[in-house]
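Q: Got a predicted model here, sequence first, then my questions.
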Amino acid sequence: MDLYSIIIENKALLEALYTLAISLICAVIVIKTDKFFRLSLHQGIRYFRNAFFFYGVAFIARYVFGLLSDLHFEPVYIAQMIFEYFIVMAGFFLFYSLIWKKFESPKDMPFSSLLNLRILIFHVMAILIAILDYLWGSYDFMFFSQMIIFFSASIIAAVNLRKDEKKHKFLKFYFVAMLLSLGAWILNFLAEAFFEWDLAILINISAINILFFLLFLYGVIRITKTK
């Protein structure tokens, strides 16, 4: 029996384990970075924490709505919009954690990092992207928005790494993770547009996603241990 046959026969179990692994990784990252933020009051860490909170919720929502879809639960038609909203917001938060200093002063800390005037723009954009994809019956707006975000984030992370690699060791994890995520979103688009969600490509995307989250988990554990 080949690998693909094993995956197909155990699809439900593997999806549950995949969701559990990512949600647990996100939970650990959120808990550790939240503690670190409360000690340092660093706004970038605050937005970084929010990104993984939204990633965790997105993957759990996708799994739950997948189960409801199998049960032919009528309101499941909104599942795509809800999942896209959370996943797009996670990307926005991760990107904003790199550029927040251009828009905020370290001394000017907003009361809420989840909902303030600047972040409200991202909420509106995420909702519009989710609605447009629902109306068009595709994932294209989400794919293109995330490819743009992570392409830009890769460039910013590379510049930051070149400037402060010795001072901020976490930047190397950021840069590699941005490239991994960019690659995953490109593969997602190719799988939808040209390969009809080919199983081999989806397996590679899942593997890249796991690496993305594990890389950040390792980086967060390493950095918080030294603080």
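A: That came in fine, so what should we check first? Quick caveat: nothing in here was measured; it's all calculated off a predicted structure.

Q: going forward, measure contacts and count neighbours with C-alpha atoms only.
A: Will do.

Q: just the helices in this protein please.
A: According to DSSP state H, the chain carries its helices in the segments 3-9, 11-40, 43-70, 79-99, 117-136, 140-164, 170-193, 199-225.

Q: Columns mean pLDDT, mean neighbour count and distance to Met109 on top of those, output as JSON lines?
A: Output for the helices of the chain, formatted as JSON lines (pLDDT from 0 to 100; neighbours: other C-alpha atoms under 10 Å; distance: least, C-alpha to C-alpha, whole Å):
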{"stretch": "helix 3-9", "mean pLDDT": "69", "mean neighbour count": "11", "distance to Met109": "47"}
{"stretch": "helix 11-40", "mean pLDDT": "91", "mean neighbour count": "17", "distance to Met109": "12"}
{"stretch": "helix 43-70", "mean pLDDT": "89", "mean neighbour count": "20", "distance to Met109": "7"}
{"stretch": "helix 79-99", "mean pLDDT": "93", "mean neighbour count": "23", "distance to Met109": "14"}
{"stretch": "helix 117-136", "mean pLDDT": "94", "mean neighbour count": "17", "distance to Met109": "12"}
{"stretch": "helix 140-164", "mean pLDDT": "92", "mean neighbour count": "18", "distance to Met109": "23"}
{"stretch": "helix 170-193", "mean pLDDT": "91", "mean neighbour count": "20", "distance to Met109": "23"}
{"stretch": "helix 199-225", "mean pLDDT": "90", "mean neighbour count": "16", "distance to Met109": "22"}
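
Q: And those helices: which comes nearest Ser105?
A: helix 43-70 (9.2 Å; C-alpha to C-alpha).

Q: Report all helices and strands that that closest one contacts.
A: For helix 43-70, the elements it packs on are helix 11-40, helix 79-99, judged by 3 or more C-alpha pairs under 8 Å, 6 or more residues apart in numbering; DSSP states H and E.

Q: follow-up on the earlier one: could you dump the helices of the chain into TSV and include distance to Ser105?
A: Output for the helices of the chain, formatted as TSV (distance: least, C-alpha to C-alpha, whole Å):
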stretch	distance to Ser105
helix 3-9	49
helix 11-40	15
helix 43-70	9
helix 79-99	12
helix 117-136	13
helix 140-164	18
helix 170-193	21
helix 199-225	24
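
Q: Asp108 is nearest to which of the ones you listed?
A: helix 43-70 (9.6 Å).

Q: tell me how far that closest one is from the chain's mean position?
A: With C-alpha atoms, centre = their mean, to the nearest Å as the basis, helix 43-70 stands 8 Å off its chain's centre.

Q: picking up where we left off before, now the helices and strands packed on helix 43-70 in a markdown table, please, with extra columns for distance to Ile205.
A: Converted to a markdown table, the helices and strands packed on helix 43-70 look like this (distance: least, C-alpha to C-alpha, whole Å):
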| stretch | distance to Ile205 |
| --- | --- |
| helix 11-40 | 12 |
| helix 79-99 | 15 |
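
Q: Can you say which of the ones you listed is nearest to Ala177?
A: helix 79-99 (10.8 Å).

Q: State the distance from Leu161 to Ala207.
A: Using C-alpha to C-alpha, to the nearest Å, Leu161 is found at 25 Å from Ala207.

Q: what's around Ile78, how many residues?
A: 13 (other C-alpha atoms under 10 Å).

Q: Begin at 23 from now on, thanks
A: Yep, numbering from 23; the last one is Ile100 now.

Q: What confidence value was assigned to it?
A: pLDDT, Ile100: 78.
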